[in-house]
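Peer 1: structure for this input, please:
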Amino acid sequence: MKKLKGVCIGAGYFSHFQYEAWNRIPEVEITAMCNSNRERAENVMNTYNVQNHYTDYLEMLEKEKPDFVDIITPPNTHLEMTEESLKRGIHVICQKPLAPTIEESLEIKKIVDAHEPRFMVHENWRFQPWYREIKKLLNKNVMGEKIFNVSFRMRMGDGWGERAYLDRQPYFRDYPRLLIYETGVHFIDTYRYLLGDITRVYASLRKLNPIIAGEDAGFVHFNFQSGAQGIYDANRYNETNFEVPRYTFGELLLEGEGGTIRLYSDGKLTIQWLGKGEKEHKYLHKDKNFAGDCVYNCQRHFIDGLLSGDQFETNVNDYLRTLSVQEAVYQSNDLKTPVEVIYN
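Peer 2: Alright, predicted model coming up:
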């Protein structure tokens, strides 16, 4: 079997989940990586059996001539790297946040539309196994045709004190936007995946830790086109009592005309039909790699799409709809009023 040749740009904290997942996809061989920090690069190369290292990503693209590139770098690099890759005929999977601003994200869309190679945003949240299972249940109308509400409560506990984020992702401290831009966008995309387009939002965002630049807490209310409503109640300051806080990242409640679906912090799903007791719904999930192995599932989806020609779920056009909701959230917070979502 001829393997798809891949290269990666980046060697930061989250990249390790991506390198590890590529190693488990049999149709892929990662032949090279690019990073300016030689020590970080050697750690990745030795751990994940990557043979070649470059400090210039353009040199890597020219010499390796890969089938695809995985861009695992800060948002302000994505526009240039995407354009340079696509114009060389190289498919792209690009880490989120997609870009520092919605305007730059729209520029990426223009570039993608102007080139033939494929492009997918590495938005892995919707690929967590509990959300894939909930989607199956919704498609079967297990809770009836009408869904009333969805809510999620998240407490990360990694953003308090003077060392907030330093041990894992220190650049979070300097983001002018943090909670929604970096984390909440996952839930916006997942809510859209589960319940469809969002038409209106009302947001109240706060900064609890004074040493950081952006917001780290908030409540966001969503209205869906279907008539459902949603709540995202989150902060990165206070701690949870979950045994593995970064497995599901919190608890979800979904209510419909037939009853309730609950996601617990250990990945357990339950169904409670009206008039009946709560029962566990068995399905396959495992604490592997990151958040139920969603990185692998996301990258598997990318490769399956390249091989089959099928559309990516998180293609640039769909993901811009998620980013349009994100922008409405910030606008609502600034105006202190509900805001209608205008899709780009």
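Peer 1: please count neighbours and contacts with C-alpha atoms only from this point.
Peer 2: Noted.
Peer 1: domain ranges for the protein, per the record?
Peer 2: Structurally, the chain divides into domains by automatic domain parsing as follows: 4-117, 126-285+321-340.
Peer 1: what is the longest helix seen in the chain packed up against?
Peer 2: Longest helix in the chain, counting residues (DSSP state H): helix 316-335. Contacts defined by 3 or more C-alpha pairs under 8 Å, 6 or more residues apart in numbering; DSSP states H and E place helix 316-335 against helix 102-113, strand 119-122, helix 185-195, strand 198-206, strand 339-340.
Peer 1: nearest to Glu162, of the ones you listed?
Peer 2: Proximity to Glu162, assessed across the helices and strands packed on helix 316-335 by C-alpha to C-alpha, is greatest for strand 198-206 (17.8 Å).
Peer 1: pull stretch 24-33 out as PDB, backbone CA atoms only.
Peer 2: Below are the C-alpha coordinates for stretch 24-33, written out as PDB (Å, rounded to 0.1, in the frame of the first residue of the first chain):
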ATOM      1  CA  ARG A  24      -1.500   5.100  14.200                       C
ATOM      2  CA  ILE A  25      -2.900   5.900  10.800                       C
ATOM      3  CA  PRO A  26      -1.500   3.100   8.500                       C
ATOM      4  CA  GLU A  27      -2.100   5.100   5.300                       C
ATOM      5  CA  VAL A  28       0.200   7.900   6.500                       C
ATOM      6  CA  GLU A  29       4.000   8.400   6.800                       C
ATOM      7  CA  ILE A  30       5.300  11.600   8.500                       C
ATOM      8  CA  THR A  31       8.700  12.100   6.800                       C
ATOM      9  CA  ALA A  32       9.700  15.400   8.200                       C
ATOM     10  CA  MET A  33       8.900  18.200  10.700                       C
END
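Peer 1: buried residues in that stretch?
Peer 2: By 16 or more other C-alpha atoms under 10 Å, the buried positions in stretch 24-33 come out as 27-33.
Peer 1: residue contacts, the residue lying farthest from the centre of the chain?
Peer 2: Relative to the centre of the chain, the most outlying C-alpha is that of Gly275, 36.4 Å out, by C-alpha atoms, centre = their mean. With contact set as C-alpha atoms under 8 Å, 6 or more residues apart in numbering, Gly275 has no partners.
Peer 1: distance of it relative to Glu251?
Peer 2: Going from Gly275 to Glu251 by C-alpha to C-alpha, to the nearest Å gives 23 Å.
Peer 1: follow-up on the earlier one: need the domains of the chain in a markdown table (columns: mean pLDDT and distance to Gly305).
Peer 2: Shown next, in a markdown table, are these (pLDDT from 0 to 100; distance: least, C-alpha to C-alpha, whole Å):
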| stretch | mean pLDDT | distance to Gly305 |
| --- | --- | --- |
| domain 4-117 | 96 | 11 |
| domain 126-285+321-340 | 96 | 15 |
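Peer 1: one step back: now, the most widely separated pair of the buried residues of stretch 24-33?
Peer 2: Glu27 and Met33 (18.0 Å).
Peer 1: show me what contacts the closest residue in space to Lys207 that isn't next to it in sequence?
Peer 2: In space, Lys207 comes closest to Glu215 once its chain neighbours are excluded; the distance is 4.4 Å by C-alpha to C-alpha, 6 or more residues apart in numbering. For Glu215, the contacting residues are 176-179, 205-208, by C-alpha under 8 Å, 6+ apart.
Peer 1: what's the answer for Trp130, then?
Peer 2: Applying C-alpha under 8 Å, 6+ apart, we find Trp130 in contact with 263, 267, 269, 285.
Peer 1: could you tell me which of those count as buried?
Peer 2: When the contacts of Trp130 are checked for burial by 16+ other C-alpha under 10 Å, the buried set is 263, 267, 269, 285.
Peer 1: re the thing from before, looking at the domains of the chain, which is closest to Leu306?
Peer 2: domain 4-117 (8.5 Å).
Peer 1: understood, closing this out.
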